[in-house]
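Novice: Below are the sequence and a predicted model for it; my questions follow.
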Amino acid sequence: ALRMAEQAARDVDAIKVFESQGRSIDDMAASLDGLIDKASLARQVNLAESFGIRGEDFARGIELARAAAVATGQSFDYMLNSFTVAASRMSKPIADNLGIMVSAEEANDRYAESLGRTASSLTDVEKRQAFVNEMLRQGVPLTERVNKAGADSSSKFDKMAASAKDASSAFGSCLYTHLT
């Protein structure tokens, strides 16, 4: 019971940080049709924002994660975490979880060229953006293939798991309230 209450407290904190920006976790979770529990979603968004990943890029990353989950049989939560961590760390091995192979050198060259500059002149922030852009660019064919196939049966299980996690978090919150 103590572990459940502790996790609930951590969940509440992550959601508070998310909502401190004037957003509703309920609205964002609803926009994803319940594919991920609210606390995990808040943590993913908070992490992405702490590394400067733009909102529109995160939204496209959600689509890539959804497609990768369907194509590989992994959970949406796992794939969204893979996108967020790979983008934040510029990690080729973690991006590989999504079925994409990112070359930082090629990503930097492509991004620098779009800015009319050289790759060696990119800042660390720009290199991260180059990596994110390349992940998203490479994810387009996968997303299109999954959408064309109409494959989405596994999302029902992601939704059930998310509902169970939300219920567990709510119960843990009640425990936390009574233990403190």
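Specialist: On my side now, so go ahead. Residues are numbered from 1 along each chain as shown.
Novice: Name the residues that touch whichever strand or helix holds residue 65?
Specialist: Assigned by DSSP states H and E, residue 65 falls within helix 55-72. Applying C-beta atoms under 8 Å, 6 or more residues apart in numbering, the contact partners of helix 55-72 are 32, 35, 45, 48, 53, 74-76, 78-80, 82-84, 87, 97-99, 132-133, 135-136, 139, 142-143, 145-147, 151-152, 154-155, 158. Quick note: C-beta positions are derived from backbone N, CA and C, even for glycine.
Novice: Out of those, which sit inside helices?
Specialist: Among those, the members found in helices (DSSP state H) are 45, 48, 76, 78-80, 82-84, 87, 132-133, 135-136, 139, 142-143, 145-147, 155, 158.
Novice: Just want the most central residue of this protein.
Specialist: Centroid check for the chain by C-alpha atoms, centre = their mean gives residue 80 as the closest residue, at 3.4 Å.
Novice: any idea how far residue 87 is from residue 31?
Specialist: 20 Å (C-beta to C-beta, to the nearest Å).
Novice: Not counting residues beside it along the chain, what's closest to the residue nearest to the centre of the chain?
Specialist: In space, and not counting its chain neighbours, residue 80 is closest to residue 65: 4.1 Å by C-beta to C-beta, 6 or more residues apart in numbering.
Novice: Residue 81 reaches residue 45, doesn't it?
Specialist: No. Residue 81 lies out of contact with residue 45 (C-beta atoms under 8 Å); the separation is 11.7 Å.
Novice: related to what we said a few turns ago, quick one: which of residue 31 and residue 87 has more around it?
Specialist: The neighbour count for residue 31 versus residue 87, taken as other C-beta atoms under 10 Å, is higher for residue 87 (27 against 13).
Novice: got the phi/psi numbers for residue 108?
Specialist: Per-residue torsions, residue 108: phi -60, psi -40 (degrees, to the nearest 10).
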